[in-house]
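*Asks:* sequence first, then the predicted structure, then my questions.
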Amino acid sequence: MSSPGFVEPGFVEPAYGGRSLGDVLPAVATALGVDVGFHDTSLVLPPAQRYVIFLVDGLGHRLIEAHRDHAPYLHSLLAEPRNQHGLAGVPSTTATSLTSLGTALSPGQHGLVGFTSRVPGTEKLLNALFWDKQLVDPLEWQPNPSAFARLRSVGVGATVVSKSEFMESGLTLSGFRGADFLEGDKIGERIAAAVTASAESPSVTYVYDGDLDWTGHRYGVDSPQWRAQLSAVDGSVEQLRESLDPGVRLVVLADHGMIDCPPEARIDIDEHPELRSGVQLLGGEARFRHLYCSGRAVDDVLATWREFLGDRAEVLARDEAIERGWFGGVVPQVRPRLGDVVVAARGRTALISMTDFPYENMLVGFHGSLTAVEMEIPILVC
């Protein structure tokens, strides 16, 4: 059995239009028997009139495989043939993934292209989790209607169940506006809210739980704290299934996996002046960096970072990453939000900056890149 930190060689490329997060609600719409003009997807879900989608932040497919003893219920679901793993988008990070789920769009379409990304025309970064609404209007940054709003337009009930602090966040407004919002600060409250919301038919209820991700960032996925939290998640999923009416389909998802990055695998960009040369603004996060370059420095930055990092990261110019399909189709207004150069870490490498992002060095678990541990997510129907 793979250990929690196992990383296989090579990257896992995204699969937009297949089993990606942006395909979940189009597949749900088909299962409900409604047509709102979503894109075609190869993801097939069983017919039902009521769906509950439970997204556990940081619950990677590989992590469930590696923790049978701590997640027996979730692990048992892996054995069902229909429950093949899905894939996160790029970068494999919460803001990008949740917005793909909520809008049924790829990152290059919805525009939340990382934990932090440049606000075009400025020297400022938008932090997509701790949104500054005075800097950026969420409805302008992400102008597309949410998939929930589109489902409501054809008579499907649409509800988001999450902590009260997220009700009016920029991320919620970007990806989930148009749905009713039910507060649930504790898991028991969220389960009760999901049961209530799913009584409506037809309906889609989305439930979010972020505690596993927080625990992984702080303690790592190879820690007793994380394993204890995973056991709690396993129990809450089973409790939710038992609490829901038998006619309700439950789908358990994640937005990404996670990997521990030990101190010896971390590179502090600020300790290497050549890595700062030509870089006007450093964005993204430790496992997936957006480099916004000054003047005509793109080629020099690209060459310098490639030479320095070698096989520790994949370093691509923006156009190369777009051509690889990392972000799906990229609309014109989103293009300048992407780094002139993007850097995806391999192995356990973390590209930190003690000047710009000092908190990152306090983390143990990370995500954002394209390794299987980070990219592969569960899509478990029960």
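*Replies:* That came in fine, so what should we check first? Numbers count the residues shown, from 1 in each chain.
*Asks:* how about the nearest residue to the spatially most central residue of the chain, chain neighbours excluded?
*Replies:* The centre of the chain sits closest to residue 97, judged by CA atoms, centre = their mean, with a distance of 2.9 Å. With sequence-adjacent residues excluded and distances taken as CB to CB, 6 or more residues apart in numbering, residue 97 is closest to residue 255, at 3.5 Å. C-beta: built from backbone N, CA, C; applies to glycine.
*Asks:* show me what contacts the residue nearest to the centre of the chain?
*Replies:* Residues counted as contacts of residue 97 (CB atoms under 8 Å, 6 or more residues apart in numbering) are 21, 88-89, 255-256.
*Asks:* these into JSON lines, with extra columns for pLDDT and secondary structure?
*Replies:* Conversion of those to JSON lines gives the following (pLDDT from 0 to 100; DSSP: H, G, I helix; E, B strand; the rest coil):
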{"residue": "21", "pLDDT": "98", "secondary structure": "helix"}
{"residue": "88", "pLDDT": "98", "secondary structure": "coil"}
{"residue": "89", "pLDDT": "98", "secondary structure": "coil"}
{"residue": "255", "pLDDT": "98", "secondary structure": "coil"}
{"residue": "256", "pLDDT": "98", "secondary structure": "coil"}
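*Asks:* quick check, nearest of those to residue 141?
*Replies:* Sorting the contacts of residue 97 by how near they are to residue 141, with CB to CB, puts residue 89 at the top with 16.9 Å.
*Asks:* doesn't residue 104 make contact with the closest one?
*Replies:* No - in this structure, residue 89 sits apart from residue 104 without contact. The criterion is CB atoms under 8 Å, and the distance is 11.8 Å.
*Asks:* now the common contact residues for those two.
*Replies:* By CB under 8 Å, 6+ apart, residue 89 and residue 104 have these common neighbours: residue 22.
*Asks:* now the strands for the stretch 1-150 of the chain?
*Replies:* Using DSSP state E, counting those that start in this stretch, the strands of the stretch 1-150 of the chain run over residues 50-56, 86-87, 116-118, 125-127.
*Asks:* could I get those in JSON lines, plus columns for mean pLDDT and distance to residue 196?
*Replies:* Formatted as JSON lines, those follow (pLDDT from 0 to 100; distance: least, CB to CB, whole Å):
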{"stretch": "strand 50-56", "mean pLDDT": "98", "distance to residue 196": "11"}
{"stretch": "strand 86-87", "mean pLDDT": "96", "distance to residue 196": "28"}
{"stretch": "strand 116-118", "mean pLDDT": "98", "distance to residue 196": "36"}
{"stretch": "strand 125-127", "mean pLDDT": "97", "distance to residue 196": "33"}
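*Asks:* and of those strands, who's closest to residue 293?
*Replies:* Closest approach to residue 293 among those (CB to CB): strand 116-118, 10.8 Å.
*Asks:* each with direction, which strands does that closest one pair with?
*Replies:* For strand 116-118, the paired strands and their directions (DSSP bridges) read strand 125-127 (antiparallel).
*Asks:* gap between residue 313 and residue 306?
*Replies:* For residue 313, the distance to residue 306 under the criterion CB to CB, to the nearest Å works out to 9 Å.
*Asks:* between those two, who's got more neighbours?
*Replies:* Set side by side, residue 313 and residue 306 show unequal neighbour counts under other CB atoms under 10 Å, the larger going to residue 313 at 23 against 15.
*Asks:* give me the phi and psi for the more buried one.
*Replies:* Main-chain torsions, residue 313, degrees, to the nearest 10: phi -160, psi 160.
*Asks:* who are the contact partners of it?
*Replies:* Taking CB under 8 Å, 6+ apart as the criterion, residue 313 is in contact with 305, 343-346, 349, 351.
*Asks:* can you pick out the most distant pair from those?
*Replies:* The widest separation within the contacts of residue 313, taken as CB to CB, falls between 305 and 346 and amounts to 13.1 Å.
*Asks:* looking at those two, which is more packed in?
*Replies:* residue 305 (23 against 19).
*Asks:* hmm, who's touching the host helix or strand of that one?
*Replies:* Taking DSSP states H and E as the definition, residue 305 sits inside helix 298-309. The set of residues that contact helix 298-309 without belonging to it, under CB under 8 Å, 6+ apart, is 267, 272, 274-275, 277-279, 291, 293, 313, 315, 317, 340-341, 343, 349.
*Asks:* switch the cut-off to 7 Å
*Replies:* Contacts to helix 298-309, defined as CB atoms under 7 Å, 6 or more residues apart in numbering, come from residues 272, 274-275, 277-279, 291, 293, 315, 317, 340-341, 343.
*Asks:* so which of the residues you listed belong to helices?
*Replies:* Filtering the contacts of helix 298-309 for membership in helices, criterion DSSP state H, returns 274-275.
*Asks:* between the contacts of helix 298-309, which is nearest residue 200?
*Replies:* Sorting these by how near they are to residue 200, with CB to CB, puts residue 343 at the top with 45.3 Å.
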